[in-house]
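Asker: structure of the sequence below:
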Amino acid sequence: MATLEPTTSYIAELISTSNLPSVTFVVTALTLAVFYTLQRRKSTVPLINPKRWFEFSDYRIKQEFVHNAIPLVKQGFAATGNKPFRILADSGELTVLPPDVANEIKSNDHMSFELSTAKNNCESDTVTIAKQFFGHLPGFEVFNATGMNMKVSKSIVQRQLTTHLSKECQIFWMSLSASRAEIVRARTVIEPILKRRAEQKAALAAQGKKAPEINDAIEWFTSATTIEGFTLDPVIAQLGLSLAAIHTTSDLSTQVILDIASHPEIIEPLRKEIIESLSEGGWKKNSLYKLKLLDSVIKESQRMKPVASISMNRLTTTNVSLSDGTFIPRNTATAVSSHRMWDPSIHTNPDQWDGYRFYNKRQEPGQENLSQLVSTSPDHLAFGHGQHACPGRFFAANEIKVFLCHLLLKYDLKIVEGSMIKPFPYSFSMNANPFAPLMIRRREDVIDLDALDANFEEELLEAEIEIHGTA
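Answerer: Predicted structure coming up:
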């Protein structure tokens, strides 16, 4: 019994009156954590890159992932027989689904695109923290970050926290200052437009008249915020929209240019098609539609190098069971792999760039529409699929075509011999090489594109008159 006295004394001291609140807190927290873990059904999906024994950090795993994401996904499907699997990614655990389920989940109300998009936002993270640490229970209020007025926390971060940051951080503040300067400059452009429109609407309202409908992004955001009942900085919204649109469009355009320049045999057929179509119809949407070889070339570059190797990111809002029996718990991040775009059972020689690939497919019965650049399917997920597929892909397709028409007719292109033009993969991202050297030379004009532009502007004006009812 003598050997038990130190332990007994320690326990007695631990649960003494002075320590009782702390002990109660710890025991309650552990009990609730165990209860929560037992109650929550676990995923039936295997994890392909787990931690090793006694490996407490996921640093090694994430470093391996960001440099080998695509091979890891390939290994995952090989190991599971083309079934879903979980992977520890740089942004956390993700359940990767095979393309087979794309049609099944594309309209699933329990797999949220919006929540997936907001998953890494600060406000979303504070909600997650509050839930995981039982912030809604008495005694656990300290973890309920969302209970704090966000204006108060913003004040703390901006005024109190930053005063203690070291001078070594100044270089980052300089970068932020440049970004803030861009926002200020954007306000000088957008705010006068907002003010003028508000004055016009007020003047018409005073006369009992309804303001004419304006079909542009400024009004789209205004309408959306009114319907959804939230506020939005119109300047930041415009910049955000531009960033999202310009980044992906410029990345695809860069890759197409590099692929065309790497396959000079495709240039003259493209020029011939462009000249024939524009000479006949001018700058009209139907003329762009007739550029089927150019459409195929762009889609082929996108097939080989999409912006990301996964698509259709979702976050489950309830427990989800797929038709194959796969169980996915609530609050699970999921995405669909795009590997069918490189599947030899679907595409002949998938590792080789073939500008005629989708042009030829469009000649096959039933493939005319499915093989267009803007078309989506489980076999081609570069634009996503279903109701959340990229809504701007139609505009982007025409934008890239117009740009390439000018580039190919006005310039000769050539890759600098021996230069590295391969894309930069990082994590799930696949970025076109922005540093690839390219030689260009002005060509003699075969067709006056500027004269065609006038016709294009007339068509746009006709569309504006049709929309607004006035010139």
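Asker: quick check: buried residues in stretch 286-306?
Answerer: Buried residues in stretch 286-306, counting neighbours by 16 or more other C-beta atoms under 10 Å, are found at 287-288, 290-306. (Glycine included, C-beta is placed from N, CA and C.)
Asker: pLDDT on that stretch, on average?
Answerer: Computed over stretch 286-306, the mean pLDDT rounds to 97.
Asker: please shift the residue numbers so they start at 13 in all later answers.
Answerer: Yep, numbering from 13; the last one is stretch 298-318 now.
Asker: what's the nearest residue to K304 if we skip its chain neighbours?
Answerer: Y371 (5.6 Å; C-beta to C-beta, 6 or more residues apart in numbering).
Asker: buried ones in the host helix or strand of the one you found?
Answerer: According to DSSP states H and E, Y371 maps onto helix 369-373. Buried residues in helix 369-373, counted by 16+ other C-beta under 10 Å: R369, F370, Y371, K373.
Asker: check whether the third one really touches L303, as I assumed.
Answerer: So the one you mean is Y371. No: look at Y371 against L303 with C-beta atoms under 8 Å: they stay out of range, at 10.3 Å.
Asker: could you dump the buried residues of helix 369-373 to CSV with distance to P281?
Answerer: Below are the buried residues of helix 369-373 laid out as CSV (distance: C-beta to C-beta, whole Å):
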residue, distance to P281
R369, 14
F370, 14
Y371, 10
K373, 17
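Asker: nearest to I287 among those residues?
Answerer: Y371 (17.2 Å; C-beta to C-beta).
Asker: tell me who's in contact with the closest one.
Answerer: K304, L305, D307, S308 (C-beta atoms under 8 Å, 6 or more residues apart in numbering).
Asker: tell me the pLDDT of it.
Answerer: 98.
Asker: contacting residues for A236?
Answerer: Applying C-beta under 8 Å, 6+ apart to A236 gives the contacts L244.
Asker: in what helix or strand does S289 lie?
Answerer: Here S289 sits within helix 279-293, counting by DSSP H and E.
Asker: now do the buried residues in that helix.
Answerer: Buried residues in helix 279-293, defined by neighbour count with 16+ other C-beta under 10 Å: L282, R283, E285, I286, S289, L290, G293.
Asker: please look at the last one and L303 and confirm they touch.
Answerer: No: when contacts are counted by C-beta under 8 Å, G293 is not listed as touching L303 (10.6 Å).
Asker: starting at the chain centroid, how far to the top helix by length along the chain?
Answerer: Selection of the longest helix in the chain by residue count, based on DSSP state H, yields helix 182-218. Here helix 182-218 is found 25 Å from its chain centre; the criterion is C-alpha atoms, centre = their mean, to the nearest Å.
Asker: and the next element down the chain from that helix?
Answerer: Next element after helix 182-218 (DSSP H and E): helix 229-240.
Asker: surely R326 is in a helix?
Answerer: No: counting by DSSP: H, G, I helix; E, B strand; the rest coil, R326 is not found in a helix; it is strand.
Asker: which residues does it contact?
Answerer: Taking C-beta under 8 Å, 6+ apart, we find R326 in contact with I117, N120, M123, S124, F125, S128, A345, T346, A347.
Asker: how does it look with 7 Å?
Answerer: By C-beta atoms under 7 Å, 6 or more residues apart in numbering, the contact set of R326 is I117, M123, S124, F125, S128, T346.
Asker: so what's it closest to, chain neighbours aside?
Answerer: Ranked by C-beta to C-beta, 6+ apart and with sequence neighbours excluded, the top spatial neighbour of R326 is M123, at 3.9 Å.
Asker: same check, this time on D366
Answerer: E312 is the one closest to D366 (C-beta to C-beta, 6+ apart), at 6.1 Å.
Asker: what helix or strand is that neighbour on?
Answerer: Using DSSP H and E, E312 falls within helix 304-316.
Asker: and the angle from that helix to helix 279-293?
Answerer: 130 degrees (axes from the mean of the first three to the mean of the last three C-alpha atoms, to 10 degrees).
Asker: mind showing which ranges of the stretch 13-162 of the chain have poor pLDDT?
Answerer: Low-confidence segments of the stretch 13-162 of the chain (pLDDT under 70): 13-53, 130-162.
Asker: what is the burial count for R98?
Answerer: A count of neighbours around R98, defined by other C-beta atoms under 10 Å, yields 21.
Asker: residue contacts, L461?
Answerer: With contact taken as C-beta under 7 Å, 6+ apart, L461 is in contact with H418, L421.
Asker: so what pLDDT did it get?
Answerer: Model confidence at L461, expressed as pLDDT, equals 87.
Asker: where's it relative to L421, distance?
Answerer: 6 Å (C-beta to C-beta, to the nearest Å).
Asker: before we move on, what about P435?
Answerer: 27 Å.
Asker: swap in S383?
Answerer: According to C-beta to C-beta, S383 and L421 sit 25 Å apart.
Asker: which of those two has more neighbours?
Answerer: Legend: neighbour count by other C-beta under 10 Å for S383 and L421, higher for S383 (23 against 17).
Asker: does A409 touch V386 like I think?
Answerer: Yes: contact criterion C-beta atoms under 7 Å: A409 and V386 qualify, at 5.2 Å.
Asker: who's more crowded, those two?
Answerer: A409 (21 against 16).
Asker: and that one, which helix or strand is it part of?
Answerer: In this structure, A409 sits in helix 405-422 according to DSSP H and E.
Asker: not counting its own residues, what contacts that helix?
Answerer: Here helix 405-422 makes contact (C-beta under 7 Å, 6+ apart) with 261, 264-265, 268, 279, 282-283, 286, 290, 297, 300, 303, 306, 310, 385-386, 395, 454-455, 457-459, 461.
Asker: go again using 6 Å as the cut-off
Answerer: Helix 405-422 is contacted by residues 261, 265, 282-283, 286, 300, 303, 306, 310, 385-386, 395, 455 when judged by C-beta atoms under 6 Å, 6 or more residues apart in numbering.
Asker: would you confirm that A249 belongs to a helix?
Answerer: Yes: assessed by three-state DSSP, A249 belongs to a helix.
Asker: need the strands for the protein, in chain order.
Answerer: In the chain, the segments counted as strands under DSSP state E are 97-101, 104-109, 123-124, 322-328, 332-333, 339-340, 345-349, 423-427, 436-438, 441-443, 450-454.
Asker: off-centre distance for the fifth one?
Answerer: Put plainly, it is strand 332-333. Going by C-alpha atoms, centre = their mean, where strand 332-333 is centred and where its chain is centred differ by 24 Å.
Asker: helices and strands around that strand, which ones?
Answerer: Helices and strands touching strand 332-333, by 3 or more C-beta pairs under 6 Å, 6 or more residues apart in numbering; DSSP states H and E: there are none.
Asker: same thing but 10 Å
Answerer: Applying 3 or more C-beta pairs under 10 Å, 6 or more residues apart in numbering; DSSP states H and E, we find strand 332-333 packed against strand 339-340.
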